[in-house]
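**Q** From the sequence below, what's the structure:
(one chain, ligands or ions: 2)
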Amino acid sequence: MYLKFLGVGAAFNYFTNNNCAYFKQNGKLYIFDMGEKICDKILALHLLDDVDEIVVLITHLHSDHIGSLEPFLYWIHFFSKKTVKVFYPLKDNLKKLLQLTGLDFDFEIYNDYSLIKDLKVEPVEVPHIPGSYAYFVYSKEINFYYSGDTSELLDRAVRELKSGKIDEMYHEVTTSLNAMIHTHISVLNNAFNMEERKKITLMHLANEETLNEGKKAGYNIALEEKVHG
Ligand SMILES: [Zn+2]
Ligand SMILES: [Zn+2]
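**A** Ligands and ions are numbered 1, 2, ... in the order given. Next up is the predicted model:
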């Protein structure tokens, strides 16, 4: 599992932080989403100590995905000289939202992903709420798909995992038949054999039941990194 997780929970899972994954490459921290309490966790784990730049890739605007983006940008503005670049395809919407929360200094949201020089990051719109995106990431070290929140398993992601174009897949999952805006585990089970499931990590978990069903079916399960000491 290439990515590490600061939280693995769906919006109402109070046993773990909101789902949030990260990796570091070439002195940069790449982080998917910044839900509630994620800013605290970044600081508690000293994740910024050995990086010069932070690249935040936003999947959509539900609070469990952007809840601590505003305090994070404030913290950087007041206490750090590091560069932060926040990317989201509908950049004006996110900028407006952050301005309404009172961010009163100059900041930019980017939607030109070619500005990320060291790796290729490609957002793809997915069905969840309007303005929801998954990401394909291609880099020297690894290629992977990160689903964000979505009710659909993308054909392209299935194809690329089976052909080896991507090495890993990180997918949200639900075991509730009522959670229509999420991906039911049976959809993943129908698409992948046991060997392929070893390359897939389930994330954005609502409860223990989802975790156990995922494990039983042979997937990796995202694990929240803990603060020591
Ligand atoms: Zn969510
Ligand atoms: Zn959502």
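**Q** make it CA atoms for all contacts and neighbour counts henceforth
**A** Will do.
**Q** just how off-centre is stretch 206-219 within its chain?
**A** Using C-alpha atoms, centre = their mean, to the nearest Å, the distance from the centre of stretch 206-219 to the centre of the chain it belongs to is 19 Å.
**Q** Test my guess that residue 122 contacts residue 112.
**A** No: with the criterion set as C-alpha atoms under 8 Å, residue 122 and residue 112 do not qualify as a contacting pair; they are 9.9 Å apart.
**Q** So the two - more neighbours on which side?
**A** Neighbours per residue (other C-alpha atoms under 10 Å) separate residue 122 from residue 112, with residue 122 holding more: 16 against 13.
**Q** does that one belong to a helix or a strand, and which?
**A** Assigned by DSSP states H and E, residue 122 belongs to strand 120-125.
**Q** Name every strand pairing with the following helix or strand past that strand and say which way it goes.
**A** From strand 120-125 onward toward the C-terminus, using DSSP H and E, the following helix or strand is strand 133-138. Sheet pairing here is set by DSSP bridges, and for strand 133-138 it gives strand 120-125 (antiparallel), strand 143-146 (antiparallel).
**Q** out of these, deepest packed?
**A** Comparing the strands paired with strand 133-138 by mean neighbour count (mean count of other C-alpha atoms under 10 Å), strand 143-146 ranks first with a mean of 24.
**Q** got the angle for whichever helix or strand comes after that one vs strand 133-138?
**A** Later in the chain than strand 143-146, the nearest helix or strand by DSSP H and E is helix 155-163. Using axes from the mean of the first three to the mean of the last three C-alpha atoms, to 10 degrees, the interaxial angle of helix 155-163 with respect to strand 133-138 works out to 30 degrees.
**Q** Show me the shaky parts of the protein.
**A** Regions of the chain meeting the criterion pLDDT under 70 cover residues 229.
**Q** Just give the closest residue to the residue sitting nearest the centre point of the chain, not the sequence neighbours.
**A** By C-alpha atoms, centre = their mean, the mean C-alpha position of the chain lies nearest to residue 32, the distance being 3.4 Å. Spatial nearest neighbour of residue 32, excluding adjacent residues (C-alpha to C-alpha, 6 or more residues apart in numbering): residue 57 at 4.9 Å.
**Q** same thing with residue 69?
**A** Nearest residue to residue 69, sequence neighbours excluded (C-alpha to C-alpha, 6+ apart): residue 34, at 5.5 Å.
**Q** Isn't the one you found up against residue 68?
**A** Yes: proximity of residue 34 to residue 68 meets the contact threshold set by C-alpha under 8 Å, at 5.7 Å.
**Q** neighbour count winner among those two?
**A** In this comparison of residue 34 against residue 68, neighbours counted by other C-alpha under 10 Å, the higher total goes to residue 34 at 28 against 19.
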